[in-house]
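J.: Following is a predicted model, sequence given first.
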Amino acid sequence: MIKNIVLIVTLVTFILGVLGECSIKNFEQDPLPWGTRNCTTNDNCNYPNGQCTNLTCVCENKFGKPDCSYARKQSQVAGGLNIGLPFAGVAGVGNLYIRRMPQGIAQIVLSIIGIIFLCGGCCVGGCILCGGSCKMSCDGCIPVTIGILFILLITGLILAGLGVFIWSIIDGANMLSCTLRDGFGYALSF
């Protein structure tokens, strides 16, 4: 069952990456114009990032800004990190790679919290209800109401971990299709 889900997610993200909107048209919405600096030599365009053609810098696809000095992040690397690593338990690394720090940190923290509570929640929850096999020092049974609330909290945190897993996969697909921009507003390279 899990293998089928992984296969479907991989297939969908591959199709999005191949059929996505990765094109030079994405660069038109960059914060600064792409390769429009006046120049007299290739050095004015940070050669080999760009070349001086007809007294105007023309950037390679992997570079931005008028003088071609900004190195774009690759959509395939970002998407692969954001889709592959959640299966190992860590989401959001692709967002950190493209400098979307708040999203990346939130995804990493939530995924780690989800794993911690997924692994430890059953033992601790069973101990609190005094019915589990946990050998922690439960000297007395905490009232069942508090135990139930604790289990609901654990369940919520596990669901948050699952939610961040899905969020990371969706972000990865958007990275592959070049619909997300990096933390500075530049389009990803393809």
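T.: Nice, I can see it.

J.: Show me where this protein has its helices.
T.: In order along the chain, the chain carries the following helices (DSSP state H): 2-19, 75-84, 93-97, 101-128, 144-176.

J.: pLDDT score assigned to Ile128?
T.: If you check Ile128, the pLDDT there is 50.

J.: Could you do Leu19 as well?
T.: Listed pLDDT for Leu19 reads 52.

J.: please renumber so the chain begins at 32
T.: Will do, 32 is the new start, and the previous item becomes Leu50.

J.: Quickly, which of the helices of the chain bottoms out on average pLDDT?
T.: helix 33-50 (a mean of 59).

J.: now Gly110: how far from Cys90?
T.: As defined by CB to CB, to the nearest Å, Gly110 lies at a distance of 22 Å from Cys90. Quick note: C-beta positions are derived from backbone N, CA and C, even for glycine.

J.: out of these two, which sits in the busier spot?
T.: Regarding Gly110 and Cys90, a neighbour count based on other CB atoms under 10 Å identifies Gly110 as having more, with 29 against 26.

J.: hang on, isn't that one packed against Ile201?
T.: No. The pair Gly110 and Ile201 fails to qualify as a contact (CB atoms under 8 Å) at a distance of 10.8 Å.

J.: In space, what's closest to Cys99 - neighbours in sequence excluded?
T.: Among residues not flanking Cys99 along the chain, Gly81 sits closest, at 3.1 Å (CB to CB, 6 or more residues apart in numbering).

J.: What score does that neighbour have for pLDDT?
T.: Listed pLDDT for Gly81 reads 94.

J.: what's the neighbour count on it?
T.: Under the neighbour criterion other CB under 10 Å, Gly81 is assigned a count of 26.

J.: Give me the domain ranges for this protein.
T.: 33-51+105-207, 62-103 (automatic domain parsing).

J.: Kind regards, and thank you for your time.
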